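Enquirer: I'd like to go over a predicted model; first the sequence, then the structure.
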Protein chains: 2
Amino acid sequence: MRPTTHDIAKAAGVSLATVDRVINERPGVRDRTIEKVKQAIESLGYVRDVSAANLARQRTYRFVFAVPDAYSEFTELLHQTIATVAGTAHVERTEISTLPIPADDPHALAAVLNQLDADTVDGVALMAPETPHVRDALMRLTEAGVAVAALVSDLPNTSRNFFVGIDNIAAGKTAGKLMGRFVTGDSGSIIVLTNSMQATDSIERRLGFDEVINTQFSHLTVLPTLEAHGDPDRVTRLVNAAFKQRRDICGIYSLSSGNRSLTGCLTQLKPALRPVTIVHELTTHTERALQQGTVDAVITQDVGHIVRSSLRLLRSHTDQININPAQERIRIEIMLKENLP
Amino acid sequence: MRPTTHDIAKAAGVSLATVDRVINERPGVRDRTIEKVKQAIESLGYVRDVSAANLARQRTYRFVFAVPDAYSEFTELLHQTIATVAGTAHVERTEISTLPIPADDPHALAAVLNQLDADTVDGVALMAPETPHVRDALMRLTEAGVAVAALVSDLPNTSRNFFVGIDNIAAGKTAGKLMGRFVTGDSGSIIVLTNSMQATDSIERRLGFDEVINTQFSHLTVLPTLEAHGDPDRVTRLVNAAFKQRRDICGIYSLSSGNRSLTGCLTQLKPALRPVTIVHELTTHTERALQQGTVDAVITQDVGHIVRSSLRLLRSHTDQININPAQERIRIEIMLKENLP
DNA sequence: CATCTTTTGAGGTACGTACCTCAAAAGTGT
DNA sequence: ACACTTTTGAGGTACGTACCTCAAAAGATG
């Protein structure tokens, strides 16, 4: 049987009230007594029964998912997943709300974040670019005791408590390795496509991709990144122009998740001429493209894991409890047609 | 606020005791009254507070992991993972014990399983081959109300409640696709290696592998499976013999997890002659082989996920609560040097 | 309608923890 | 030794559920 507060009281030779004061850091206990109690806790291996504690204190965790309001297949998937999890989270005493944020307007974003408050929220999971305003807003939140997790793309120079997502340099390297091994023939050029090279994840992926191609597959040439800025037509124009300009296109690597018009271009090509195509993020659309053979591999991260892991981390922070970091690491997944879920 | 039993009582116009009788299926309630209560539960969306319930009934889940006692890197990893999880499971009121089972002796295995009992155990997670004796033992357990999960390799024709592991045909297909795309040159032979072709997982993986190679990469020849029966020296002999006999070996696919001596053979070869090597199960050893380039890809399943998912499923069964199947699906993971954790 | 059985209600205690009050004890300074 | 503050103890209630007992009400049977 696990020890209870009563056992601690007996072992330390104090009353239940004193144990309670020590555990919950209430004032009015001498240092010597605190020590006695802590030693008893240590030697008996006491851990607070979280469910009993939550029951007693009527705690509900209030978490906010702040996700870009701009439409993309990935954010859409993220919203869906959050909604699904939110529906069943109440059994774990967790209230989840979503906060659509204007990701491309730093001031507006900061304003939205500044509406959050320790009185109304216990934790925030945020997917946003790092700007000075965001840094300030997060500093305010963490200082007020609100747990903050960066979602999908890290905010390394802020006071965020956790990062939940993949190592994007490694993801780029993985794409590079697959590209290098999938491409046949002894030379060729690779198109790299993204929405914006401002985003850190795009930068990091390109970095990792280049490193692997340059060191391990130097017979391949990686072309300058084409930026579509969220415009589907621009993707079509850029890709078609690249094909016109160069006859040796053997691969396409799409850094971000705007792949709808890309696969449109590819289906126009004769199958034999179709380049090796590697994209990011498994969505209904990229899944279909994998099935049909328009896309050769998808590098992805499990959005369900991301959302659930965020919740575990935010909860652990508000409970001041240690977690197992190995369990929370998000994996870089490689999806082929054959291992689709 | 979520509704409590008190709310149900008020809504149904009955007393707390009656609600309790209905919820816990105690006798002495008229059918009409049962209906009233159930409707109130339905319309208020009541769900029992599992932590409060467990607190009240002083429940501890008693689960057994029955894993082969024969040493292999994979079972070793499994044992380690179970031990780690067991160490922290007590905070979730879960007692985990491991039961080493003689996997290759059906009678002894059944005897061990028959020692288990609904009085001492709430659930069993079992990694074993399917034999008539195992079928009988599992039937006895499930009928007694013990939850049973098949681990890693399925027991489809038994009364097991869950399967926790990957689709091995799809895993074989994945290996086949990678093999086909990684191999360069326009012909060649592939060695397939396993411990035993008796095991269903080996059979299924080979099946999937063959299908992809034959339909998509018909320029490659898959050689008959070599069986090592757990003998490292035999691996060395078989592989070396295959290399002597044929000059066109371009790939090696290892179906099971006895890869130590295999990588030993490979390091003997000149790097240029080294065949594309794909193995199963990420262990410390295969991880190192990936790092060093002796192995090109590892098809694997996250053992941590497997163990934790088993626990969730067994718990949900003993609590008679629904779970989210999507969350419990174990993914077929592809590990390259670049996306190692 | 009396008797017997079934169904229901009212109330209690318990789980492990949080948080509260009040009094007693121990320690402090003069 | 005095008043004073700080520390400690004893006891209570509550959270939502499980499980128990006993009595009252409702229903069935003769």
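Expert: Looks like it arrived, so ask away.

Enquirer: CA atoms for contacts and neighbours, from now on please.
Expert: Fine.

Enquirer: Contacts only, for A:Q39.
Expert: Neighbouring residues of A:Q39 by Cα atoms under 8 Å, 6 or more residues apart in numbering or on different chains: A:A12.

Enquirer: ok, it to A:I8 distance?
Expert: Here the criterion is Cα to Cα, to the nearest Å. By it, A:Q39 lies 9 Å from A:I8.

Enquirer: the strands in chain A, which residues?
Expert: For chain A, the strands defined by DSSP state E cover A:61-68, A:94-101, A:123-126, A:147-151, A:162-164, A:188-194, A:220-227, A:249-254, A:276-280, A:297-300, A:333-335.

Enquirer: Which one, of these, ends up nearest to chain B?
Expert: Distance to chain B, taken as Cα to the nearest Cα, is lowest for strand A:333-335 among these, at 5.9 Å.

Enquirer: partners of that closest one, with directions?
Expert: If you go by DSSP bridges, strand A:333-335 pairs up with strand A:297-300 (antiparallel).

Enquirer: Spell out which residues of the stretch 51-200 of chain A are next to DNA strand D.
Expert: Contact residues (Cα under 7 Å from any atom of the strand) of the stretch 51-200 of chain A with DNA strand D: A:A52, A:A53, A:L55, A:A56, A:R57, A:Q58.

Enquirer: Please check these and keep the buried ones.
Expert: A:L55 (16 or more other Cα atoms under 10 Å in any protein chain shown).

Enquirer: Please flag which of the residues of the stretch 51-200 of chain A next to DNA strand D sit within helices.
Expert: Among those, the members falling in helices (DSSP state H) are A:A52, A:A53, A:L55, A:A56, A:R57.

Enquirer: can I get the strands of chain A in a markdown table with mean pLDDT and mean neighbour count?
Expert: What follows is the strands of chain A, written out as a markdown table (pLDDT from 0 to 100; neighbours: other Cα atoms under 10 Å in any protein chain shown):
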| stretch | mean pLDDT | mean neighbour count |
| --- | --- | --- |
| strand A:61-68 | 95 | 22 |
| strand A:94-101 | 94 | 18 |
| strand A:123-126 | 96 | 28 |
| strand A:147-151 | 96 | 25 |
| strand A:162-164 | 96 | 22 |
| strand A:188-194 | 94 | 22 |
| strand A:220-227 | 95 | 18 |
| strand A:249-254 | 95 | 24 |
| strand A:276-280 | 96 | 24 |
| strand A:297-300 | 97 | 22 |
| strand A:333-335 | 98 | 24 |
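
Enquirer: Point out the one among the ones you listed that comes closest to B:R329.
Expert: Taking Cα to Cα, strand A:333-335 is the member of those nearest to B:R329, at 14.3 Å.

Enquirer: Skipping adjacent residues, who's closest to A:H317 in space?
Expert: A:A147 (6.3 Å; Cα to Cα, 6 or more residues apart in numbering or on different chains).

Enquirer: Show me the beta-bridge partners of the closest residue in space to A:R160 that isn't next to it in sequence.
Expert: For A:R160, ignoring the flanking residues on the chain, the nearest one in space by Cα to Cα, 6+ apart is A:V148 at 5.0 Å. Here A:V148 shows beta-bridge partners A:V124, assigned using DSSP bridges.

Enquirer: Surely A:V148 and A:G123 touch.
Expert: Yes. With contact defined as Cα atoms under 8 Å, A:V148 counts as touching A:G123 (5.7 Å).

Enquirer: quick one: common contacting residues for the two?
Expert: A:L314.

Enquirer: Would you format the residues of the stretch 51-200 of chain A next to DNA strand D as JSON lines with pLDDT included?
Expert: Shown next, in JSON lines, are these (pLDDT from 0 to 100):
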{"residue": "A:A52", "pLDDT": "94"}
{"residue": "A:A53", "pLDDT": "94"}
{"residue": "A:L55", "pLDDT": "93"}
{"residue": "A:A56", "pLDDT": "94"}
{"residue": "A:R57", "pLDDT": "91"}
{"residue": "A:Q58", "pLDDT": "89"}
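
Enquirer: Grab the CA positions of the worst-scoring helix or strand of chain A on mean pLDDT and hand them over as PDB.
Expert: The helix or strand of chain A with the poorest confidence is helix A:260-268; it has a mean of 82 (mean pLDDT, DSSP states H and E). Below are the C-alpha coordinates for helix A:260-268, written out as PDB (Å, rounded to 0.1, in the frame of the first residue of the first chain):
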ATOM      1  CA  ARG A 260      -2.700  21.000 -52.900                       C
ATOM      2  CA  SER A 261      -1.600  22.900 -56.000                       C
ATOM      3  CA  LEU A 262       1.700  21.100 -56.000                       C
ATOM      4  CA  THR A 263       0.200  17.700 -56.500                       C
ATOM      5  CA  GLY A 264      -2.000  19.400 -59.100                       C
ATOM      6  CA  CYS A 265       1.100  20.200 -61.100                       C
ATOM      7  CA  LEU A 266       2.500  16.800 -60.700                       C
ATOM      8  CA  THR A 267      -0.500  14.900 -62.000                       C
ATOM      9  CA  GLN A 268      -0.100  16.900 -65.300                       C
END
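
Enquirer: which helices and strands does it pack with?
Expert: Where contact means 3 or more Cα pairs under 8 Å, 6 or more residues apart in numbering or on different chains; DSSP states H and E, helix A:260-268 is packed against helix A:232-245.
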